[in-house]
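Engineer: quick one, structure for this:
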Amino acid sequence: MPRGCYPRPSARERFDAKWKADDASGCWLWTAAIDIGGYGSFSPTRVCTARAHRYAWELHNGPIPEGMLLDHVCRVRRCVNPAHLRLATHRQNSIENSESIPAMNAQKTACDHGHPFTPENTYLWHGRRNGLPRLVRKCRACEAAKDRRRRARHRADAARSAAPSTEN
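Structural biologist: Residues are numbered from 1 along each chain as shown. So this is what the prediction gives:
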């Protein structure tokens, strides 16, 4: 073999050399490159880069189905232990395991005025915010009260504009 030329280890060998088991948590902590989001970054070939936890999942469980994400059950982004990962939809991942505003709203059982979110008192509003589609629960009782106030305001405005002017 020419001097300086060594066989490249397999992707699996290189991957396994880049994590260290944490006995306390059971996590396999990624020790190589970490991306800006805190996830491990791995290059299985010279031309592509993958998130290390996704590569670990695919090594042990096969491809990730379309529309599914991997959720770190252990909540450690550097963890590449396939036993600490589960398949989840985007909604499951963002709502069930988060302290985000959408997660807090999803856990509410009543509106801000105390009306319960029951099927009879709730409807889903399909709208857009910042150009993105969104689905929002609306309280029928609060929306009805808001509509009554709006109609009363419009009636008052119409009565004011229809009243004869007393100015000379």
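Engineer: ok, longest helix in this protein?
Structural biologist: In the chain, with assignment by DSSP state H, the single longest helix is helix 140-162.
Engineer: list the helices and strands it packs on?
Structural biologist: For helix 140-162, there is no helix or strand it packs on, judged by 3 or more C-beta pairs under 8 Å, 6 or more residues apart in numbering; DSSP states H and E. Every residue, glycine included, has its C-beta placed from N, CA and C.
Engineer: residues making contact with that helix?
Structural biologist: 111, 112, 113, 115, 120, 121, 122, 123 (C-beta atoms under 8 Å, 6 or more residues apart in numbering).
Engineer: so which helix or strand takes in the residue nearest to the spatial centre of the chain?
Structural biologist: Taking C-alpha atoms, centre = their mean, the centroid of the chain lies closest to residue 94, which sits 3.1 Å from it. Using DSSP states H and E, residue 94 sits within helix 90-95.
Engineer: tell me the buried residues in that helix?
Structural biologist: Buried positions in helix 90-95, judged by neighbour count with 16 or more other C-beta atoms under 10 Å: 93, 94, 95.
Engineer: and that helix, average pLDDT?
Structural biologist: Averaging pLDDT along helix 90-95 gives 82.
Engineer: list the contacts of residue 139.
Structural biologist: When contacts are counted by C-beta under 8 Å, 6+ apart, residue 139 touches 111, 113, 115, 117, 121, 122.
Engineer: against residue 160, how distant is it?
Structural biologist: 31 Å (C-beta to C-beta, to the nearest Å).
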